[in-house]
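# Have a look at this prediction, sequence included:
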Amino acid sequence: DVKVTQSSRYLVKRTGEKVFLECVQDMDHENMFWYRQDPGLGLRLIYFSYDVKMKEKGDIPEGYSVSREKKERFSLILESASTNQTSMYLCASSTAFQPQHFGDGTRLSIL
Amino acid sequence: AQTVTQSQPEMSVQEAETVTLSCTYDTSESDYYLFWYKQPPSRQMILVIRQEAYKQQNATENRFSVNFQKAAKSFSLKISDSQLGDAAMYFCVHSGGGADGLTFGKGTHLIIQP
């Protein structure tokens, strides 16, 4: 069974901090994704990666960056956290033309 | 760009009854995939059912089935014999396949009444 693990279920940070959200998958998937989920808006794609060291912007990349140094790990970085980045963050992975598998999510609060 | 519209923010159904969740989408692609995902209070996003656009036959998975109308760009989910464990937020999702991200609808909150 595919396992996508996000490092934290809950995280509280302060405005201006640099924040790292980590995601690891154990199925050798080439594709990995970061979404944010807000009430009434569904999930929106922030960034995705289809290979090591490759990254593509999604629909809402502003204020975020990503890093994929190893195939199994995809990190989301908030360079200078702001209150409007308080949200639920979901990581997913997939292989070609197969459904995405999701982690349990990280609920991030920026104070 | 793709868009996915779920017009029902919330639906309620009696246990053991049948409920249908609506979804319409817009895409310029001829080949794509459609999914229904559910997200229970535990938060994990779980795949319910998938449909390849090139297949005319509607997908079924046990009590879950879809009505896929490609020309109308409609993709509804029918849940038969509703169970308490079906209570969740349901998302209709479009994918172009490959490495592209998913496009989600805003979700329908399904309530199961005992």
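Good, I have the coordinates.

# what about B:Arg63, how many neighbours?
B:Arg63 has 13 neighbours, counted by other C-beta atoms under 10 Å in any protein chain shown. All C-beta atoms are positioned from the backbone trio N, CA, C, and that covers glycine.

# what sits against it?
Applying C-beta atoms under 8 Å, 6 or more residues apart in numbering or on different chains, we find B:Arg63 in contact with B:79-81, B:83.

# For it, give its distance to chain A.
19 Å (C-beta to the nearest C-beta, to the nearest Å).

# okay, that residue: pLDDT?
Predicted confidence (pLDDT) for B:Arg63: 97.

# Enumerate the residues of chain B near chain A.
Residues of chain B lying close to chain A (C-beta under 8 Å from any C-beta of the partner chain) are B:4, B:9, B:33, B:35, B:42-47, B:50, B:91, B:95, B:97-107.

# Can you tell me which residue sits nearest the middle of chain B?
B:Trp36 (3.1 Å; C-alpha atoms, centre = their mean).

# Alpha carbons of the helix or strand it falls within, as CSV, please.
Using DSSP states H and E, B:Trp36 sits within strand B:33-39. Output in CSV follows, covering the C-alpha atoms of strand B:33-39 (Å, rounded to 0.1, in the frame of the first residue of the first chain):
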residue,chain,number,x,y,z
TYR,B,33,-9.5,11.4,-16.2
LEU,B,34,-12.2,12.2,-13.6
PHE,B,35,-12.2,11.1,-10.0
TRP,B,36,-14.3,11.3,-6.9
TYR,B,37,-12.3,11.6,-3.7
LYS,B,38,-13.8,11.5,-0.2
GLN,B,39,-12.3,13.3,2.8
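
# Walk me through which strands that strand pairs with, and which way each runs.
strand B:46-52 (antiparallel), strand B:88-95 (antiparallel) (DSSP bridges).

# So which residues make contact with the last one?
Where contact means C-beta under 8 Å, 6+ apart, the residues beyond strand B:88-95 that reach it are A:42-43, A:100, B:2, B:4, B:6, B:21, B:23, B:25, B:27, B:32-41, B:45, B:48, B:75, B:77, B:102-105, B:107-110.
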